[in-house]
Each structure stands twice: as structure tokens, then as C-alpha cells.
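K.L.:
test case, fold it:
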Amino acid sequence: MGPANELFDYSPITERPPITWPGGARVAVYIGLNVEHFLIDRPSTSIWPGTADLVPDALNYGWRDYGPRVGIWRVTEILDRHGIRASALLNSDVAHHYPQIIKAGLERNWAWLAHGRTNSILQAGMTRDEELAHLTDIVDTIAAATGQRPRGWMGPGLTETFHTPALLAELGLSYILDWTNDDQPYPLNVPGMLSVPYTVELNDLGLFSKGTTGPEFVQIVKDQYEQLHADSEHSGRVMALALHPFVIGQAFRAPYLSQALAYLAAQPDVWLTTSDEIAEHYRRTVQPRS
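P.N.:
Down below sits the predicted model:
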């Protein structure tokens, strides 16, 4: 049968204590902004597989590298326009290579989550001691660069080992995004650790790689919000919007991001927030009763 899932228990969303978001909001929305660094000599996320195993792979590396050079600045301007703080899913290598991005995020009070060292290396194949040293370096690097220790974690490619959540708890983190199986936060079977919703579906990388158009993206965002709003009549829901600057930051897609965010910002029952604030509010108001 293989190993049992000891990280979390089955909990149908119909059988939980109700969640009430601040101000009576029904849907908590956050923007998961992937702020990543890729290695020039390692295969990674690619737009065309034909060159993905080459070193160097100018086609795919260049496509990814558009993010920190251009895309993130376009996305940042759009977030500013609509008054939205990002939840930055931060590769710790970004602090070494793109300090201007850290500076821009600090000026905007972004939430900073640890997102591994680089998205070219997945969180796998390490012993417990090796992983503890790896995670300690990531967390310490982000803390030094941003002035605060990250509270949340998302693995590169949403990867973990069976030890990751407990090691993160040892390092003082309190929630993870890797398990995209819910519309609400829920406690893990690791003391002090929550799962907060993230998404591989409402995610620009997945959507646009399947041929989704800009207008379709806007409609998908609206449909997601409207269904979650309907679901939230008796208990609040979380809507994550996952963005990658090298995808949504392309010039021809950026106007549709602006349209989608304008729609979300105009909703009367929305709490536009960060994943940090969602986790903290849940911990303070729901978990003690659960």
C-alpha cells in the first residue's frame, strides 16, 4: 500500500468551524507572485522542449529571464495601480542576483515567503540533516535581505520531502502552500503548521501554456471568484491567484492582468490581503476552536 499520509487528515469542507474574514468579507484573495532565479546550466520550466536539455539553452533561459529583467516591473506597476500587495514566493538566490527586486518589494510591504533557493533545483533527495542545512540557509538569506524571517513556504515546483514541514516548523515558519487541495486553511499534523490554499489551476503558467487567451484569463478569474463567493455564504473561502512575471508580465498579457485585478478590487465582499495575513487570521480566530 505504500506509506500512509500522516501530514494531514481528511476533512470535508462541509464539516468545519466557520471562518469569518475581517470586515465580514467572504473571499480572502491573495496574489502569489513567484519571484525566481534560474540557473543557466540546468533544465527548468520551458516554453519549448526542443532545446530544454541543451547547455546553454538560450531559448528557454531567455524566456524565463524576461521575468526579473522586465516582467516583474510591469506586474509591480499593475499591482500598485490596484493597491494590491504581493505575497512574494521568493527564491533565496534572488537576494544575491536581483537586489533591486527586494528593494521594490520592501517599499511596497510585500509579504515574503521562502520558495527554495532556485527554481532550477527541486526540494527532493536530501537526508534530513542535509535538508535542515539547506532550509536554514534559505530562511537566513531571506531574513537578512528583507529584515524579517519568512512565515510561509512554497517549494520549487511545490516540492517537499516527508521531513520538510517539520523542519520548517523548527525554523519558525508556520504555513505551507504546497498542498493545493482546499479552499480554506487547515491544520497539518505538524505542531504549529498550517496549509494555506495555493493553486496550480488559477495559475498563469498552467493556463497560458494550454493556450488560454487574455480575455479567457479574465473570465476565469471572475468565474473563480463568483463560485467561491457563492460557496462562502456560511464560511469564508480563499482565492489564490498564482503569477509568474515571465508569463503574465509579457506585454500582450499585462492588460488582462490589470482587468482581472480591477474586477477583484471592485468586489464588495473581498478581502485583498496576503497569505501571511490569511494564515495569521485563521490561527487567531478559527484554530483555537477546531
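K.L.:
pLDDT weak spots in the chain?
P.N.:
In the predicted model of the chain, residues 1, 288-290 satisfy pLDDT under 70.
K.L.:
torsion angles phi and psi at residue 239?
P.N.:
When read as degrees, to the nearest 10, the backbone of residue 239 gives phi -120, psi 120.
K.L.:
try residue 157
P.N.:
Torsion angles, degrees, to the nearest 10, at residue 157: phi 70, psi 20.
K.L.:
list the contacts of residue 44.
P.N.:
By CB atoms under 8 Å, 6 or more residues apart in numbering, the contact list for residue 44 reads 38, 60, 64, 119, 120. Heads up, the C-betas are built off the backbone N, CA and C, glycines and all.
K.L.:
kindly recompute the last result at 10 Å.
P.N.:
36, 38, 52, 57, 60-61, 64, 118-122, 156-157 (CB atoms under 10 Å, 6 or more residues apart in numbering).
K.L.:
of those, buried ones?
P.N.:
Buried members of those, scored by 16 or more other CB atoms under 10 Å, are 36, 38, 57, 60, 61, 64, 118, 119, 120, 121, 156, 157.
K.L.:
can you pull the contacts of the closest residue to the fourth one other than its chain neighbours?
P.N.:
Using CB to CB, 6 or more residues apart in numbering and skipping residues adjacent in sequence, the residue nearest residue 60 is residue 46, 4.2 Å away. By CB under 10 Å, 6+ apart, the contact set of residue 46 is 52, 53, 57, 59, 60, 61, 63, 64, 209.
K.L.:
need phi/psi at residue 47.
P.N.:
According to degrees, to the nearest 10, residue 47 has phi -90, psi -20.
K.L.:
correct me if wrong: it contacts residue 60.
P.N.:
Yes. Counting by CB atoms under 10 Å, residue 60 is a contact partner of residue 47 at 6.1 Å.
K.L.:
among the contacts of residue 46, which are located in helices?
P.N.:
The helices, defined by DSSP state H, take in 59, 60, 61, 63, 64, 209 from the contacts of residue 46.
K.L.:
run through the helices of the stretch 51-200 of the chain in chain order.
P.N.:
58-66, 72-81, 93-97, 99-107, 128-146, 164-170 (DSSP state H, counting those that start in this stretch).
K.L.:
point out the most buried one among those helices.
P.N.:
Ranked by mean neighbour count, these are led by helix 164-170 with a mean of 21 (mean count of other CB atoms under 10 Å).
K.L.:
check contacts around the spatially most central residue of the chain.
P.N.:
Closest to where the C-alpha atoms of the chain average out (CA atoms, centre = their mean) is residue 32, at 3.7 Å. Counting by CB under 10 Å, 6+ apart, residue 32 touches 86-89, 111, 113, 115, 152, 154, 177, 196-199, 202-203, 240-244, 274-275.
K.L.:
let's see that with 8 Å instead.
P.N.:
Contacts of residue 32 (CB under 8 Å, 6+ apart): 87, 89, 154, 177, 198, 199, 240, 241, 242, 243, 275.
K.L.:
distance from the lengthiest strand in the chain to the middle of the chain?
P.N.:
What stands out as the longest strand in the chain, according to DSSP state E, is strand 27-35. Offset of strand 27-35 from its chain centre (CA atoms, centre = their mean, to the nearest Å): 6 Å.
K.L.:
same question, stretch 278-289
P.N.:
The answer for stretch 278-289 is 19 Å, by CA atoms, centre = their mean.
K.L.:
go on, stretch 158-166?
P.N.:
Counting by CA atoms, centre = their mean, stretch 158-166 comes out at 16 Å from the chain centroid.
K.L.:
cool, stretch 109-124 as well?
P.N.:
For stretch 109-124, the distance to the chain centre is 9 Å (CA atoms, centre = their mean).
K.L.:
ok, now stretch 261-271?
P.N.:
19 Å.
K.L.:
how far does that stretch stretch from start to finish?
P.N.:
End-to-end span of stretch 261-271 (CA to CA, to the nearest Å): 13 Å.
K.L.:
do the same with stretch 173-185
P.N.:
Distance across stretch 173-185, first residue to last, is 15 Å (CA to CA).
K.L.:
residue contacts, residue 243?
P.N.:
31, 32, 33, 34, 75, 203, 204, 257.
K.L.:
tell me what it is bridged to.
P.N.:
Using DSSP bridges, the bridge partners assigned to residue 243 are residue 33.
K.L.:
redo the helices of the stretch 51-200 of the chain as a markdown table? Include distance to residue 266.
P.N.:
Listed next are these as a markdown table, based on distance: least, CB to CB, whole Å:
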| stretch | distance to residue 266 |
| --- | --- |
| helix 58-66 | 30 |
| helix 72-81 | 13 |
| helix 93-97 | 32 |
| helix 99-107 | 25 |
| helix 128-146 | 31 |
| helix 164-170 | 36 |
